[in-house]
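Q: Only the shape, not the letters, is given here:
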C-alpha cells in the first residue's frame, strides 16, 4: 500500500526540488530557476499531473490515459502547463510515436485505407503507413477524430537534470522516496555539506550527462571511434567523474573487441585508466600478433599490479606471452596447496542445492554448520567499520537515499579513509570488540549497507562467529576486503563450521559434480591457506540409487 496521503509523489518531488534549489542554486541557469519558481505557483492538480507524467514513460501522453482520482479532469489540469509551454499539443509527432500511443484496433481505424490485411501485425501496419506518410505532424492531424488531445512533455530534460543533481546518478528514480516512506528501505543518516555535493560546477553536470549519452549510444550500436572522441572530450578535473569516464572508455574498448577492431581497442585501452583495461590491452596486443608489446606491458603490470585479480590473470598468461615473444618462461612459484575433502551423498529427496545438502550432512549439535557464503565476513566487517564506511567524505554521499558511499568500488576507496579504517580495525586489539559489533548489530538493524546482509544474519550466528573466529583472523579477512573492495566482497567459501566448546571454526567451499573453483574463490582460498586460516574445499558427488 502507498502512503495514505494522496499526493505522496508530489510531496516527494517538491522535497527533491527544494533540496536541489538549496544545494545547487549556483549551478542552475535561468530556465531552471524559472521552473523552480513557477512549479510551486501552479494549482495542485497541475503540479500533480506534471509529476505523474514525469514518472511515466513519455514524452507523449494521451489525455484519456491520464486518469487519477486526486487530479480529476486531466485536460483542465493541463491548461496551466500548456500556458507555461511545459506541455505542447502542437509539437510534430513521428509515426513511431503515434504507434506507441495506440492499440492495433485504434490504428487500424486511423489507417483504414492502408493495403494491409486485418489479421496483420501492428508492425506490418507501421511499415505500410511509413511508406505513405512518414513525415511528423501534430497529433490532431494524425487523428482528427480522436476527441482528445495528446501532449508532449517539454521539460523532461530539465527534470532529468534535477534528478541527476539530487541522486548523483540516473539509475535511481523518484520511487526511492516511496520505498523509504513505506519503510521498505531505511538509510543511515549522513551529514551533508557543500563539499559533499555530487557536482561542484555546472560543467560537472554536463559532463555526466554527456557520458551517459555516450553509454546509451554505445548500447544502441553507435560508432565506437566517434564515441571514443566524444568521451575524450569529457575530460574533467572531478576525480569522481574521471573514474566514470574511464569506465565508459573500458566499455567502448570491449565493444571494439567484439567487433574485432583490434587497433581501435588497443587505442581505447591505452587511454583508459579503469581497472582491467591494461589486462585487456595485453590480450589485444596478442590478437594483433604484437607479442613483444604484449610481454613488455605484462612485465610492467607484474612490477606494479593493480590488483590480485590482475596478478592471477598474468600468471596464466606468462607461458603464452613468453612463447609468443620467442622466449622461455621463468619457472612459476607453486600455489599453496588447498585442503580437499571428497564426499559422496545421497541425492536429496526434495530439490536442494549441493551447498545445503552438504551443510545438513556436516551439521552437528556440538559443531553447527551455517551456509554463509559472502554474508558473514562482509557483515562482520560492515558492522565493525560502519563509521568509516559512512564517513561524510566529499564525493561519497549526495542524498538521503544511498545504500553506501558513491566511491565504494573505485580503487582509492580505502586510501581515502585509511585512518578511519585503521581506527576501526584497531578495535579488534581491544577485548570489547565483540560487544561493539553486537551492539552495532542492534543499533543499525535494517539500515541499508553495502556490506551487511541483514537477511542472512541472526544474533545466534553472530555470537557463534565472534566466539570462534579469532580477532587476528577477522583482521586478516578485513584487510583483504579493503585491498580491493569491488572484487573481494565476493568469492568467500560457502559454509562455516563452528566448534563453540573449542572456540574454533573452519570455512568450507562446496563444489558439486562438474563444478570448478572460480578465480575469486581461488584467490580467497589461497589467501586463507597462506595465512594459516582454516579452510577446505569439499567436492561432492551423488550416490547412485541402487534400489
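A: Perfect, I can see it now. Predicted model, so just to flag it, every value in this text is computed and none were measured. Numbering: from 1, shown residues only.

Q: from here on, contacts and neighbour counts on C-alpha atoms
A: OK.

Q: What are the boundaries of the strands in the stretch 1-150 of the chain?
A: All strands of the stretch 1-150 of the chain, identified by DSSP state E, counting those that start in this stretch, fall at 60-62, 87-88, 150-153.

Q: Now mean neighbour count too, for those strands, in CSV please.
A: As requested, the strands of the stretch 1-150 of the chain are exported to CSV (neighbours: other Cα atoms under 10 Å):
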stretch, mean neighbour count
strand 60-62, 20
strand 87-88, 22
strand 150-153, 23
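
Q: Could you export these as CSV, including distance to residue 509 and mean pLDDT?
A: Below are these laid out as CSV (distance: least, Cα to Cα, whole Å; pLDDT from 0 to 100):
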stretch, distance to residue 509, mean pLDDT
strand 60-62, 53, 96
strand 87-88, 59, 96
strand 150-153, 54, 96
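
Q: Include distance to residue 523 when you put those into a markdown table, please.
A: Shown next, in a markdown table, are the strands of the stretch 1-150 of the chain (distance: least, Cα to Cα, whole Å):
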| stretch | distance to residue 523 |
| --- | --- |
| strand 60-62 | 52 |
| strand 87-88 | 56 |
| strand 150-153 | 52 |
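
Q: what mean pLDDT does stretch 246-265 have?
A: Averaging pLDDT along stretch 246-265 yields 95.

Q: show me what contacts the spatially most central residue of the chain?
A: By Cα atoms, centre = their mean, the mean C-alpha position of the chain lies nearest to residue 171, the distance being 8.2 Å. Counting by Cα atoms under 8 Å, 6 or more residues apart in numbering, residue 171 makes contact with nothing.

Q: Recalculate using a threshold of 10 Å.
A: Residue 171 makes contact with 163, 164, according to Cα atoms under 10 Å, 6 or more residues apart in numbering.

Q: Spell out the secondary structure type for it.
A: coil (DSSP: H, G, I helix; E, B strand; the rest coil).

Q: so what pLDDT did it get?
A: We have a pLDDT of 84 for residue 171.

Q: what does residue 109 give?
A: For residue 109, the pLDDT comes out at 84.

Q: What count of nearby residues applies to residue 435?
A: Other residues near residue 435 come to 12 when the count uses other Cα atoms under 10 Å.

Q: Check the one 10 residues further on too.
A: Residue 445 is surrounded by 12 other residues when neighbours are defined as other Cα under 10 Å.

Q: if I read this right, it contacts residue 382, doesn't it?
A: No: if you go by Cα atoms under 10 Å, residue 445 and residue 382 don't touch, sitting 12.0 Å apart.

Q: Spit out the residues that contact those two alike.
A: Contacts common to residue 445 and residue 382, judged by Cα under 10 Å, 6+ apart, are residue 452.

Q: does residue 272 sit in a helix, a strand or a coil?
A: The local conformation at residue 272, judged by three-state DSSP, is coil.

Q: Surely it touches residue 248?
A: Yes: here residue 272 reaches residue 248: they are 9.0 Å apart, a contact under Cα under 10 Å.

Q: how close does residue 120 sit to residue 100?
A: For residue 120, the distance to residue 100 equals 17 Å [Cα to Cα, to the nearest Å].

Q: repeat for residue 209
A: Taking Cα to Cα, one finds residue 209 at 26 Å from residue 100.

Q: Please say which of the two ends up with more neighbours.
A: residue 209 (18 against 12).

Q: I'd say the more buried one and residue 163 touch.
A: No: the pair residue 209 and residue 163 does not pass the contact test of Cα under 10 Å, sitting 11.5 Å apart.

Q: so what sits against both of the two?
A: Common contact partners of residue 209 and residue 163 (Cα under 10 Å, 6+ apart): 169, 170.

Q: who wins for proximity to residue 345 among the strands of the stretch 1-150 of the chain?
A: strand 60-62 (59.9 Å; Cα to Cα).

Q: Would you state the strands of the stretch 301-450 of the chain in chain order?
A: 340-346, 369-371.

Q: Out of these, which is the most enclosed?
A: When those are scored by mean count of other Cα atoms under 10 Å, the highest mean neighbour count falls to strand 369-371 (a mean of 21).

Q: Could you name the helices and strands sitting against that strand?
A: The contact analysis (3 or more Cα pairs under 10 Å, 6 or more residues apart in numbering; DSSP states H and E) places strand 369-371 against helix 354-362, strand 495-499, strand 504-511.

Q: Would you list the strands that the second one pairs with, along with their directions?
A: Sheet pairing of strand 495-499 (DSSP bridges) gives strand 369-371 (antiparallel), strand 504-511 (antiparallel).

Q: Mind listing residues that contact it?
A: Contacts for strand 495-499 (Cα under 10 Å, 6+ apart): 355-356, 358-359, 362-374, 376, 461, 464-465, 467-469, 504-510, 535.

Q: Return the residues in contact with residue 211.
A: Residues counted as contacts of residue 211 (Cα under 10 Å, 6+ apart) are 205, 217, 227, 230-235, 241, 244-245, 247-249.

Q: Return the distance of it relative to residue 442.
A: For residue 211, the distance to residue 442 - Cα to Cα - is 41 Å.

Q: residue ranges of the helices in the stretch 151-300 of the chain, please?
A: Applying DSSP state H, counting those that start in this stretch to the stretch 151-300 of the chain gives helices spanning 156-167, 175-181, 202-219, 224-232, 239-258, 262-270, 277-287, 291-303.

Q: which residues touch the last one?
A: For helix 291-303, the external contacting residues (Cα under 10 Å, 6+ apart) are 278-279, 281-288, 304-305, 307, 310-311, 314-315, 317-318, 320-326.

Q: again, but for the fourth one
A: Counting contacts by Cα under 10 Å, 6+ apart, the residues outside helix 224-232 that touch it are 207, 210-215, 217-218, 233-234, 245-246, 248-249, 251-256, 259, 261, 264-265, 267-268, 271-272.

Q: Which positions within stretch 238-254 qualify as buried?
A: By 16 or more other Cα atoms under 10 Å, the buried positions in stretch 238-254 come out as 238, 240-254.

Q: Compute the number of surrounding residues for residue 536.
A: What residue 536 shows, counting by other Cα under 10 Å, is a neighbour count of 19.

Q: Okay, and the beta partners of it?
A: Applying DSSP bridges, one finds that residue 536 bridges with residue 508.

Q: That one is in contact with residue 340, isn't it?
A: Yes: the pair residue 536 and residue 340 passes the contact test of Cα under 10 Å, sitting 5.6 Å apart.

Q: Now find how far off-centre stretch 27-45 is within its chain.
A: Relative to its chain's centre, stretch 27-45 lies at 32 Å (Cα atoms, centre = their mean, to the nearest Å).

Q: Overlap in contacts, residue 536 and residue 340.
A: 508, 509.

Q: Give me the below-cutoff pLDDT ranges for the chain.
A: Residues of the chain meeting the criterion pLDDT under 70: 1-5, 116-119, 176-185, 545-547.

Q: same thing but 50
A: For the chain, the stretches with pLDDT under 50 are 1-4, 545-547.

Q: give the contact list for residue 36.
A: Residue 36 touches 14, 17, 18, 20, 21, 28, 30, counting by Cα under 10 Å, 6+ apart.

Q: and the last one, how many neighbours does it have?
A: Pointing back at residue 30 there. Applying other Cα under 10 Å, we find 8 residues neighbouring residue 30.

Q: same thing with the one 3 residues further on?
A: Residue neighbour count, defined by other Cα under 10 Å, stands at 13 for residue 33.

Q: contacting residues for it?
A: Contacts of residue 33 by Cα under 10 Å, 6+ apart are 21, 25, 27.
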